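A.B. asks: sequence first, then the predicted structure, then my questions.
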Amino acid sequence: MLQTVELNLIDRRLRTITPARAEDDLLIVGIEESTFDALPTWGPTALDRSVYAPVISKLKAAGARVIALDVYFGDADADAGSDRLLAAAIATAGNVVVVADAIARVEGGKQEVYEFQLPTAAVAQAAVRVASPLLFRPDNVVRWVKLWQSDEDAGTVYQALCLAAVEVATGGELDIDAAGAESRTIVWAGPSGIVPYVRFEDVYAGNVAADRIKDRIVFIGQWHQMEDQLQTPLGPMSGVEIHAQAAVTLLSGEHVHIASNAVGLLSAIGLCVIVALIGVRRRGW
């Protein structure tokens, strides 16, 4: 109960924080159900890799600062010709971040460790960074992002997708470590829909004006209302939008310091005492 009270207090604080601006720096290219109807697919849940190539090329030509793909391109789904087209487009663009496949497991009942699997060799070598797509929600609510995540078996450290995208966009000049923490609480720019959004198939068809893309960090990922919705203090959001909002946090320089467990525990106990006293007084009434 005390942990629940403490997390509720944190969520209340995150909902009232001054929003960071997302309108001028970010763009989401969403893959929807309509995208699968409009473009070639590779099975029921994946687009053919060849369709990503013209989208990446159009985003680069329109002036996207970074293209962050929240899509895993593993060997199991690879078609040799489509994979070569995708890798060539990524290499030509020169500013594409891709993700590894990430699986979290619990060891010893408490310790969470991570296993990462790289995308195909051609895609991994063509990308400017390979990042982690993991979002952390110990009680099924996403509140913060771990900026660096380690593969315990391979000993490799991966940047979070938001961090990799922002570092590429700023040339590494942004002082990400200012707060001295491996995790960063997300300063939400607003509820779902605050980050500018276009459909994947519209970019593919060339129906998105260049001024909506120029100088923006572009995140590409699933936007299915039923498939990739995660809970946040501001309500449900797609995973790709959470990555984008985490990038807004890093760009804004805002940092919300969450009280230590001891301070949070004392606050929670105090709140419980107040609630108990109110309950006792009501019974007396």
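C.D. replies: Received the coordinates, thanks. Numbers count the residues shown, from 1 in each chain.

A.B. asks: helix, strand, or coil at the most centrally placed residue in the chain?
C.D. replies: For the chain, the residue nearest the mean C-alpha position is His243 (1.8 Å; C-alpha atoms, centre = their mean). Put simply, His243 is helix when judged by DSSP: H, G, I helix; E, B strand; the rest coil.

A.B. asks: residues contacting it?
C.D. replies: When contacts are counted by C-beta atoms under 8 Å, 6 or more residues apart in numbering, His243 touches 68, 70, 133, 135, 161-162, 165, 219, 221. C-beta coordinates here come from the backbone N, C-alpha and C atoms, glycine included.

A.B. asks: got a markdown table for those residues, with distance to Ala205, secondary structure and neighbour count too?
C.D. replies: Below are the contacts of His243 laid out as a markdown table (distance: C-beta to C-beta, whole Å; DSSP: H, G, I helix; E, B strand; the rest coil; neighbours: other C-beta atoms under 10 Å):
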| residue | distance to Ala205 | secondary structure | neighbour count |
| --- | --- | --- | --- |
| Ala68 | 21 | strand | 32 |
| Asp70 | 21 | coil | 26 |
| Pro133 | 27 | coil | 23 |
| Leu135 | 30 | coil | 21 |
| Leu161 | 26 | helix | 33 |
| Cys162 | 28 | helix | 29 |
| Ala165 | 25 | helix | 33 |
| Phe219 | 20 | strand | 30 |
| Gly221 | 19 | strand | 25 |
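
A.B. asks: isn't Ala104 right next to Leu134, touching?
C.D. replies: Yes: counting by C-beta atoms under 8 Å, Ala104 touches Leu134, with 6.5 Å between them.

A.B. asks: settle it for me: which of these two has more neighbours?
C.D. replies: Neighbour count, other C-beta atoms under 10 Å: between Ala104 and Leu134, Leu134 has more, with 20 against 11.

A.B. asks: please name the nearest non-neighbouring residue to that one.
C.D. replies: Ala102 (4.6 Å; C-beta to C-beta, 6 or more residues apart in numbering).

A.B. asks: beta partners of that neighbour?
C.D. replies: Note on Ala102: beta-bridge partners Phe116, judged by DSSP bridges.

A.B. asks: hmm, it is touching Leu118, no?
C.D. replies: No: with contact defined as C-beta under 8 Å, Ala102 does not reach Leu118; the gap is 10.8 Å.

A.B. asks: quick one: the helices in the stretch 1-150 of the chain?
C.D. replies: In the stretch 1-150 of the chain, the segments counted as helices under DSSP state H, counting those that start in this stretch are 2-15, 33-38, 52-61, 80-93, 121-126.
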